[in-house]
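Enquirer: no sequence on this one, just coordinates:
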């Protein structure tokens, strides 16, 4: 599960970098990409916290 999330995070991060080129950080397309990445990062953090609680 976490490996899949890491792959998604990397893909979304690269996508956001591509979208950002030539645009401001407040551009709606950049904001949407950033929010999508944030959602996956939150999910990854939840998974990692649950794993840490098991130990």
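Expert: Looks like it came in fine. Only a predicted model underlies this, so the values are computations on that prediction, with no experimental measurement involved.
Enquirer: Let me see the ranges of the helices in the chain.
Expert: For the chain, applying DSSP state H gives helices covering 2-20, 28-54.
Enquirer: Let me have those in TSV, adding mean neighbour count and mean pLDDT as columns.
Expert: C-betas here are computed from N, CA, C, even on glycine. TSV is the format used below for the helices of the chain (neighbours: other Cβ atoms under 10 Å; pLDDT from 0 to 100):
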stretch	mean neighbour count	mean pLDDT
helix 2-20	13	96
helix 28-54	12	94
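Enquirer: Which residues does stretch 42-54 contact?
Expert: Outside stretch 42-54, the residues within contact range by Cβ atoms under 8 Å, 6 or more residues apart in numbering are 1, 2, 5, 6, 9.
Enquirer: which residue sits closest to the fourth one in space, ignoring its chain neighbours?
Expert: Put plainly, it is residue 6. In space, and not counting its chain neighbours, residue 6 is closest to residue 44: 7.2 Å by Cβ to Cβ, 6 or more residues apart in numbering.
Enquirer: so how far is residue 24 from the one you found?
Expert: 27 Å (Cβ to Cβ, to the nearest Å).
Enquirer: And for residue 15, nearest residue in space, chain neighbours not counted?
Expert: For residue 15, ignoring the flanking residues on the chain, the nearest one in space by Cβ to Cβ, 6+ apart is residue 33 at 5.9 Å.
Enquirer: list the contacts for the residue nearest the centre of the chain?
Expert: Closest residue to the average C-alpha location of the chain: residue 37 at 2.5 Å, with Cα atoms, centre = their mean. The contact partners of residue 37, taken as Cβ under 8 Å, 6+ apart, are 9, 12, 13, 16.
Enquirer: And residue 55, how close does it get to residue 1?
Expert: As judged by Cβ to Cβ, residue 55 and residue 1 stand 16 Å apart.
Enquirer: For the two, work out which one has more neighbours and name it.
Expert: residue 1 (10 against 4; other Cβ atoms under 10 Å).
Enquirer: Report the separation between that one and residue 8.
Expert: Where residue 8 is concerned, residue 1 sits at a distance of 11 Å (Cβ to Cβ).
Enquirer: Ok, residue 23 next?
Expert: 22 Å.
Enquirer: ok, back up a step: now the contacts of residue 37 in CSV, with distance to residue 49?
Expert: Converted to CSV, the contacts of residue 37 look like this (distance: Cβ to Cβ, whole Å):
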residue, distance to residue 49
9, 16
12, 20
13, 21
16, 24
